[in-house]
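[1] Fold the following.
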Amino acid sequence: MQKKQKIHFIAIGGSVMHNLAIALKQAGHDVTGSDDEIFEPSRSTLSKHGLLPAKDGWNPDLLTKETDVVILGMHAAKDNPELVKAQSLGLKIFSFPDYIFEQSRDKQRIVIAGSHGKTTITAIIIHVLTHCKRKFDYVIGARVRGIENTVKLSDAPVIIIEGDEYLSSALDPTPKFLKYQHHIGLISGIAWDHANVFPTEEEYVRQFDLFADQTPKGGILVYCESDSMALIIGKKERVDVSEIPYKSHTHASANNGQFYLTDGKEKFPIKVFGSHNYQNIAGAKEVLRKIGVTDQEFFKAIQSFEGAAGRLEVVGENGSTTVYKDFAHAPSKVKATVKAVKEIHPSRDLFACVELHTYSSLNKKFLPQYKDSLKNAQVPVVYFNPEKVKAKKLEALTENDVKSAFANQNIRVFDNSEQLQKFILEQNWKNKNLLMMSSGNFGGIDISKLSEKIFA
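    Next up is the predicted model:
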């Protein structure tokens, strides 16, 4: 790391932005930041580290000629008063991915990309490298048990980056993952998302093609051959690039609900499950092989991996019911998560509820992408907040719009969180699982407390 600097964050409350701010403060830099709205858990975490702004809102006075670096979050608009001030002072302004690249120019950069699975694959790689006591840096979008922060920058020779395809900042429409200039890149799968910035599926897929084409001579591109789009992009001939396909890792299960990986001879118990996770494990294993982790080391380490925070997390359980929450929100993620929960308890009914929360999911044109995503659920439920639809300036949604898009007339649709909670608590929970999927919070429903009431 370089000498102590004065670094200011515009939109410090972002999930990865606030973790970078903490990492830089811990590295000895003088860090400030502001935001017009900061939600949990960012608010509490920033407060714990002495970085919570004194009040919500923008404060151009925090920027002076002595400010060395400004890091601009995606949430900040072009006319943000702090950004305008930084530009007028001629300060160095970086987007989040630009700054990460600057700090890792001399490292081997491994970037994990994909519409789904990238957080879990990145988490597996981090977990295994930590278990093997390797020296490395990382950027990931969710917490992993055993590591304190979601960003680490040091003098380590390698960095593992979860590569998001969303735009870098209001000033730069480049997808984040194109900024990192990977040496080893992985594509887990491609399913149209972010319809607000990639209005067609073709435009969205093109970003991953650009990512693959960016692999340098002597570089490595790992891709999931079970995903049709990743296969097409991965198989494309590129001069002096090693292309490595992967599919689901060989696995087995026992009657007691225990799952195993196999290498043809031995069985290794694991704590995660579902066909999508067997693919994630295989992808991570291929990357780890390329940076010197043996299969023996991998199998030893993977047994203690419990998943990334918020990914198929068990909130509560008894002998006949398990309550899960999952960050799933895009159609491909919802479908994979529902399938995974049904796989582990095929004899139990599944109550699966997804919140339409993002711009894409609330967009009538995009909504049909969710077709059949809840088909494996015996009680399929969709929740959305009409105020969010208005705030995003989208056309109002109706119950029929949702049922038609999901191609399921049995779906129960709620636009009131209290009514949704009442419906959940009215269920007979014997031999039935509850799965709550969202990148939001279901209009303020506390899933832990809801779980307690179910088991009361």
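[2] Can you show me the strands along the stretch 51-200 of the chain?
    Under the criterion DSSP state E, counting those that start in this stretch, the stretch 51-200 of the chain contains strands at 69-72, 92-95, 108-113, 137-139, 151-152, 158-162, 167-169, 172-175, 184-187.
[3] From the contact counts, what lies against the helix or strand bottoming out on mean pLDDT in the chain?
    Between all helices and strands in the chain, the lowest mean by mean pLDDT, DSSP states H and E belongs to strand 251-253, at a mean of 87. Under the contact criterion of 3 or more Cβ pairs under 8 Å, 6 or more residues apart in numbering; DSSP states H and E, the helices and strands touching strand 251-253 comprise strand 259-262. All C-beta atoms are positioned from the backbone trio N, CA, C, and that covers glycine.
[4] can you do 10 Å?
    Packed against strand 251-253 by the contact rule (3 or more Cβ pairs under 10 Å, 6 or more residues apart in numbering; DSSP states H and E) you find strand 259-262, strand 267-270, helix 275-290.
[5] Now do that strand: everything it contacts.
    Contacts with strand 251-253, where a contact means Cβ atoms under 10 Å, 6 or more residues apart in numbering, come from 258-262, 267-268, 270, 273, 275, 277-278, 281-282, 343-344.
[6] Looking at those residues, state which has the most neighbours.
    Of all the contacts of strand 251-253, Asn277 has the most neighbours under the rule other Cβ atoms under 10 Å, reaching 25 neighbours.
[7] that older thread, identify, from the contacts of strand 251-253, the entry nearest to Val239.
    In terms of Cβ to Cβ, no member of those lies closer to Val239 than Ala282, at 26.3 Å.
[8] so the closest one sits right up against Tyr246, yeah?
    Yes. Under the criterion of Cβ atoms under 10 Å, Ala282 makes contact with Tyr246 at 4.4 Å.
[9] for the closest residue to Val413 other than its chain neighbours, what are its contacts?
    Setting aside the residues directly before and after it, Val413 is nearest to Glu399 in space (Cβ to Cβ, 6 or more residues apart in numbering), at 4.3 Å. Counting by Cβ under 10 Å, 6+ apart, Glu399 makes contact with 382, 411-415.
[10] ok now do Phe423, which residues does it touch?
    Per Cβ under 10 Å, 6+ apart, neighbours of Phe423: 351, 353, 379, 381, 383, 412, 414.
[11] now with 7 Å?
    412, 414 (Cβ atoms under 7 Å, 6 or more residues apart in numbering).
[12] tell me the SS of it?
    Secondary structure, DSSP: H, G, I helix; E, B strand; the rest coil: Phe423 is helix.
[13] With the one 5 residues further on instead?
    Asn428 carries the three-state label coil when classified by three-state DSSP.
[14] where in the chain is pLDDT low?
    With pLDDT under 70 as the threshold, the chain has low-confidence stretches at 1-2, 254-256.
[15] residues contacting the residue sitting furthest away from the middle of it?
    Here the chain reaches farthest from its C-alpha mean at Lys65, the gap being 36.0 Å by Cα atoms, centre = their mean. When contacts are counted by Cβ under 7 Å, 6+ apart, Lys65 touches Leu89.
[16] For Asp193, which of the helices and strands packed on strand 251-253 is the nearest?
    The minimum distance between Asp193 and these falls on helix 275-290, with 15.7 Å, by Cβ to Cβ.
[17] angle of the closest one against strand 108-113?
    For helix 275-290 against strand 108-113, the angle by axes from the mean of the first three to the mean of the last three Cα atoms, to 10 degrees is 170 degrees.
[18] which residues sit against helix 275-290?
    Defining contact as Cβ under 7 Å, 6+ apart, one finds that helix 275-290 is touched by 110, 117, 120-121, 124-125, 128, 184, 186, 188, 220, 222, 224, 226, 244, 246-249, 251, 261, 298, 302, 336, 339-340, 343.
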